[in-house]
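Engineer: let me see the structure of the following:
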Amino acid sequence: MKRKNILFIMADQMAAPMLPFYGPSPIKLPNLSRLAAQGVVFDAAYCNSPLCAPSRFTLVSGQLPSKIGAYDNAADFPADIPTYAHYLRRLGYRTALSGKMHFCGPDQLHGYEERLTSDIYPADYGWAVNWDEPDVRPSWYHNMSSVLQAGPCVRTNQLDFDEEVVFKAQQYLFDHIREDGDQPFCLTVSMTHPHDPYTIPKAFWDLYDDADIPLPTTPDQHSLDPHSQRLLKVYDLWDKPLPVDKIRDARRAYFGACSYIDANVGKLLQTLEDTGLIEDTIIVFSGDHGDMLGERGLWYKMHWYEMAARVPLLVSAPGQFGARRVSAAVSTADLLPTFVELAGGTLEANLPLDGRSLMPHLQGQGGHDEVFGEYMAEGTISPLMMIRRGAYKFIYSESDPCLLFDVDNDPRELEELSQSPQHRQLFDDFLAEARAKWDIPAIHRDVLESQRRRRFVAEALTIGKLKSWDHQPLVDASQQYMRNHIDLDDLERKARYPQPCQNQ
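Structural biologist: Numbering: from 1, shown residues only. Prediction:
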């Protein structure tokens with residue numbers, strides 16, 4: 001039986017609770033809503049670390065951050081960590097990445113045969129967190145300019161990036177259909193929107209001209225948990241209330257950026273239609289983490305609340321999986337074993353893996369209902385872990401008070417239950433489980449040692465000649481278009497799709 005292609009589309013910082021296929025929302029996503037209507041929608045999908053690089057390293061490897069040293073946005077991603085790209089290559093798939101994956105370190109491929117674009121963020125160690133100086137705010141940390149300057153724009157570097165990402169992905173599909181052979185592909189298309197800054201071209205800004213932009217709930221900053229208070233200081237918001245009109249502008253621009261992502265998804269779907277690949281391609285859509293968007297007074301990500309930690313997850317394969325919704329808690333670490341199973345392969349028994357296949361869920365046969373998460377980056381002074389199981393979410397720290405929420409009945413997490421007598425036993429059970437699962441002193445020590453090594457190396461590499469690790473997607477012009485590298489008959493055959501009928 002012919003194996004299906006896999007088109008994996010990612011958005012950056014797209015908060016699942018805000019999207020129209022998860023609940024009432026003014027955000028306009030016609031293409032994604034169509035995919036959701038015909039596919040499998042995961043209602044409780046989470047990232048395993050609410051920050052770009054650690055989340056993505058876990059997604060591609062299926063291993064939790066502490067297992068692979070994915071501590072922050074400057075963590076080295078070792079070349080010997082198996083990824084889904086390695087697995088699929090061994091299964092005979094062509095593997096390509098167009099767009100962002102925030103790989104840090106000298107290996108910028110991690111199993112992909114091709115990277116069609118460079119990344120948008122640096123591949124070096126310059127953004128390493130420093131737990132040795134917890135009160136010092138590095139110059140590269142987030143600040144509130146994204147909110148204070150929110151509004152429409154003509155052009156940004158993020159638009160430059162995403163338009164190249166989508167163009168190169170479409171070109172890859174056109175090239176694939178013009179090549180001989182039936183080798184299946186796994187193409188990952190990873191865009192950087194709707195990540196801040198909160199600005200978007202006027203065409204998408206104007207989509208929300210008459211929209212009712214809901215405002216977030218912002219409690220008194222002194223009532224927040226300690227990690228939230230540290231985050232306010234991380235991005236320089238402590239004791240600095242934001243103007244309501246700028247909060248509304250930031251959300252409006254974010255909504256427009258989500259619609260921009262949807263328009264690009266539409267381009268990719270149309271290319272699949274135009275090339276006749278749509279029936280042979282499984283489409284997966286997800287993201288790396290969400291965005292607080294002012295809820296609880298917080299912005300960006302870096303916490304385990306639903307707005308920051310929940311991600312969209314859709315799988316569309318009409319004829320293979322019926323349309324359904326999955327309420328069980330799953331995570332993006334589950335994608336590696338899922339992709340392997342979709343490709344007809346099996347996992348290596350002697351290789352470590354934390355993710356679990358989503359195939360039982362996709363086939364309507366039940367499946368796991370559990371997520372583990374780890375966060376050790378901006379705003380933390382020690383590891384901040386999370387367990388999501390059944391109705392409940394437990395946020396675990398040995399430095400801050402632990403938090404417990406009934407997410408099913410309190411999706412906005414307004415009632416914290418750690419002191420509730422009715423939930424005392426549940427809290428104690430979660431705490432005992434977390435302490436048995438995570439050796440916090442050992443993880444803390446590993447994080448500190450990694451931070452110190454990377455800061456030392458980063459400083460040393462600024463001296464003398466600089467050799468960048470950033471991926472360079474070099475193009476050999478001698479192999480493009482109409483050159484003498486190819487037989488003329490082959491050139492004519494590949495130059496046009498579809499080929500005209502022989503009798504014309």
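Engineer: what segments of the stretch 351-500 of the chain are helices?
Structural biologist: 359-362, 424-437, 440-460, 488-495 (DSSP state H, counting those that start in this stretch).
Engineer: most tightly packed of these?
Structural biologist: helix 359-362 (a mean of 20; mean count of other C-beta atoms under 10 Å). The way it works is simple: take the backbone N, C-alpha and C, and place the C-beta from them, glycine included.
Engineer: picking up where we left off before, which of the helices of the stretch 351-500 of the chain sits closest to residue 296?
Structural biologist: helix 424-437 (21.1 Å; C-beta to C-beta).
Engineer: gap between stretch 338-346 and the chain center?
Structural biologist: Its chain's C-alpha centre and that of stretch 338-346 lie 21 Å apart, by C-alpha atoms, centre = their mean, to the nearest Å.
Engineer: a markdown table please, covering the helices of the stretch 351-500 of the chain and showing distance to residue 84 and mean pLDDT.
Structural biologist: Compiled in a markdown table, the helices of the stretch 351-500 of the chain are given as follows (distance: least, C-beta to C-beta, whole Å; pLDDT from 0 to 100):
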| stretch | distance to residue 84 | mean pLDDT |
| --- | --- | --- |
| helix 359-362 | 14 | 98 |
| helix 424-437 | 24 | 98 |
| helix 440-460 | 24 | 97 |
| helix 488-495 | 29 | 72 |
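Engineer: now those in JSON lines, with distance to residue 63?
Structural biologist: Shown next, in JSON lines, are the helices of the stretch 351-500 of the chain (distance: least, C-beta to C-beta, whole Å):
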{"stretch": "helix 359-362", "distance to residue 63": "19"}
{"stretch": "helix 424-437", "distance to residue 63": "14"}
{"stretch": "helix 440-460", "distance to residue 63": "14"}
{"stretch": "helix 488-495", "distance to residue 63": "40"}
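Engineer: mind checking which of these is nearest residue 71?
Structural biologist: helix 440-460 (5.2 Å).
Engineer: what are the contacting residues of the closest one?
Structural biologist: Helix 440-460 is contacted by residues 66, 69, 71-72, 74-76, 124-126, 128-132, 376, 382-383, 398 when judged by C-beta atoms under 8 Å, 6 or more residues apart in numbering.
Engineer: may I have that helix as CSV, with CA atoms only?
Structural biologist: Extracted C-alpha coordinates of helix 440-460, given in CSV (Å, rounded to 0.1, in the frame of the first residue of the first chain):
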residue,chain,number,x,y,z
ILE,A,440,15.1,18.5,41.5
PRO,A,441,18.6,19.0,43.2
ALA,A,442,20.2,17.0,40.4
ILE,A,443,18.3,18.8,37.7
HIS,A,444,19.1,22.1,39.3
ARG,A,445,22.8,21.2,39.3
ASP,A,446,22.8,20.1,35.7
VAL,A,447,21.0,23.3,34.6
LEU,A,448,23.6,25.5,36.5
GLU,A,449,26.5,23.6,35.0
SER,A,450,25.1,23.9,31.5
GLN,A,451,24.4,27.6,31.9
ARG,A,452,28.0,28.3,33.1
ARG,A,453,29.6,26.2,30.3
ARG,A,454,27.5,27.9,27.6
ARG,A,455,28.1,31.5,28.9
PHE,A,456,31.8,30.8,29.0
VAL,A,457,31.8,29.4,25.4
ALA,A,458,29.6,32.2,24.1
GLU,A,459,31.9,34.9,25.5
ALA,A,460,35.0,33.1,24.1
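Engineer: okay, which residue is most central for the chain?
Structural biologist: residue 288 (1.6 Å; C-alpha atoms, centre = their mean).
Engineer: on the three-state scheme, residue 187 is what?
Structural biologist: Of the three states, residue 187 takes strand under DSSP: H, G, I helix; E, B strand; the rest coil.
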